[in-house]
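*Asks:* Here you go, sequence then predicted model.
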Amino acid sequence: MAEADTQLLLAVGLIEKDTNGDALWVWCYPSVTAELRSLLLRKCCLTDENKLLHTFVFGQYKRSWFYITTVEVQDSPALKKVTHFSIVLMAKDFNPEKYAAFTRILCRIYLKHGSPVKMMESYIAVLTKGICQSEENGSFLSKDFDARKAYLAGSIKDIVSQFGMETVILYTALMLKKRIVVYHPRIEAIQEFTRTLPALVWHRQDWSILHSYVHLNEEEVEALKACTGYIAGFTDSEVNSRPDLYDVYVNLADSEITISPVVKEAMTMGKLHKEIGQLIVQSAEDPDKSDSQVIKDISLKTKEILTTLASLTEVSDGNEKPTLNSEALKQKRFPPATENFLFHLAAAEQMLKI
């Protein structure tokens, strides 16, 4: 396990805010590009005018994950001229709990010693052995943090209690690999909500579609547009007037979901969607069911749909991937919305003949 883990960490960095109110990059190891440095300064909350302290944020940029823990400095003889600092970790994997635990330890080390050297020692220990131990600052063991646990950490039940039957819109958008934008003024609310959404399409177990903290900044928007389907979180309400960025817009603060006219046809709801919606709501409202059981129920329904789709495919000469036989789909005489959904799902799963 330690072997695999050593491949995941990419870099560690330190941002400080001094008594003059300036937030600056102080140190990083092994290196962080200038582009990433300005991105992470934007994310770390120390450059914010509103003075709100976000203790932990995470997100993704160009297939690398960033995790940032920020603390206020109080009574630290080692850091007399520093009011706040942020520890940044860059990694290849999605695992907020793992990196929150590790950055907290690095923060304690820095508060005590005021020098990056001790932090670097712990970083290298985790990088090479997957573990760092110390009496006073706590121990960290990479293998305690399973990726699957991170995938299941959010609450599907909370999403369903907020959106009810409309949860099926989110399910459909994810199944069809559409672009979902989520807005809420509080970053913590966005992170909690967006990290849970990929579990609606559990069969893919793909969290690379998650961009939980995006600014309306040119480079970030361009990087986002380069992705096919995604879930992107924004704290800036201006994103509402950027229809070029979304197929489905979720105003989390007002519990509203809007479908863009561009995808109205692909997202037409019918009998099948009603069935799926009812199944999601029934399962989520069952007090005896855990979140992972709800995910399992939805996943079984998805499997049923994928099995139906597979039965309508054929393997053509020289092509290993089965493709949809449109005639077979028409002969089934499904209701129009079901046929439409299966066709678009085949497109999303790259099962259409080019």
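*Replies:* Good, I have the coordinates. Residues are numbered from 1 along each chain as shown.

*Asks:* the strands in the stretch 251-354 of the chain, which residues?
*Replies:* Taking DSSP state E, counting those that start in this stretch as the test, the strands found in the stretch 251-354 of the chain are 256-259, 313-314, 323-324.

*Asks:* Mean neighbour count, those strands: which tops it?
*Replies:* Mean neighbour count, computed with mean count of other CB atoms under 10 Å, is highest for strand 323-324 among these, reaching a mean of 19. Any C-beta I mention is one placed from the backbone N, CA and C, and that applies to glycine too.

*Asks:* That one packs against which elements?
*Replies:* Applying 3 or more CB pairs under 8 Å, 6 or more residues apart in numbering; DSSP states H and E, one finds that strand 323-324 contacts strand 313-314, helix 336-348.

*Asks:* Let me see the mean pLDDT of it.
*Replies:* Strand 323-324 shows a mean pLDDT of 89.

*Asks:* Ok, stretch 238-252 next?
*Replies:* Mean predicted confidence for stretch 238-252 is 97.

*Asks:* One more: stretch 300-318?
*Replies:* pLDDT averaged over stretch 300-318 gives 89.

*Asks:* a markdown table for the strands of the stretch 251-354 of the chain, including distance to residue 110?
*Replies:* What follows is the strands of the stretch 251-354 of the chain, written out as a markdown table (distance: least, CB to CB, whole Å):
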| stretch | distance to residue 110 |
| --- | --- |
| strand 256-259 | 42 |
| strand 313-314 | 56 |
| strand 323-324 | 56 |
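
*Asks:* From residue 232, how far off is residue 119?
*Replies:* Residue 119 sits 31 Å away from residue 232, taking CB to CB, to the nearest Å as the criterion.

*Asks:* what is the mean pLDDT for stretch 283-296?
*Replies:* The model assigns stretch 283-296 a mean pLDDT of 97.

*Asks:* in that stretch, what's buried?
*Replies:* Applying a neighbour-count criterion of 16 or more other CB atoms under 10 Å, one finds 283-284, 289, 291, 294-295 buried in stretch 283-296.

*Asks:* Name the residues that touch stretch 273-289?
*Replies:* Defining contact as CB atoms under 8 Å, 6 or more residues apart in numbering, one finds that stretch 273-289 is touched by 156-157, 160-161, 164-168, 171-172, 293-294, 297-298, 301, 337, 341.

*Asks:* Send over it as PDB, restricted to the C-alpha atoms.
*Replies:* Presented in PDB, the C-alpha positions along stretch 273-289 are these (Å, rounded to 0.1, in the frame of the first residue of the first chain):
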ATOM      1  CA  HIS A 273     -37.300   8.900 -15.200                       C
ATOM      2  CA  LYS A 274     -40.400   9.000 -12.900                       C
ATOM      3  CA  GLU A 275     -39.700   5.400 -11.900                       C
ATOM      4  CA  ILE A 276     -36.000   6.200 -11.200                       C
ATOM      5  CA  GLY A 277     -37.000   9.300  -9.200                       C
ATOM      6  CA  GLN A 278     -39.500   7.400  -7.100                       C
ATOM      7  CA  LEU A 279     -37.000   4.700  -6.400                       C
ATOM      8  CA  ILE A 280     -34.400   7.300  -5.300                       C
ATOM      9  CA  VAL A 281     -36.900   9.100  -3.100                       C
ATOM     10  CA  GLN A 282     -38.300   6.000  -1.500                       C
ATOM     11  CA  SER A 283     -34.900   4.500  -0.800                       C
ATOM     12  CA  ALA A 284     -33.500   7.800   0.600                       C
ATOM     13  CA  GLU A 285     -36.500   8.400   2.800                       C
ATOM     14  CA  ASP A 286     -36.200   4.900   4.400                       C
ATOM     15  CA  PRO A 287     -34.900   5.600   7.900                       C
ATOM     16  CA  ASP A 288     -33.400   2.100   8.100                       C
ATOM     17  CA  LYS A 289     -31.200   2.600   5.100                       C
END
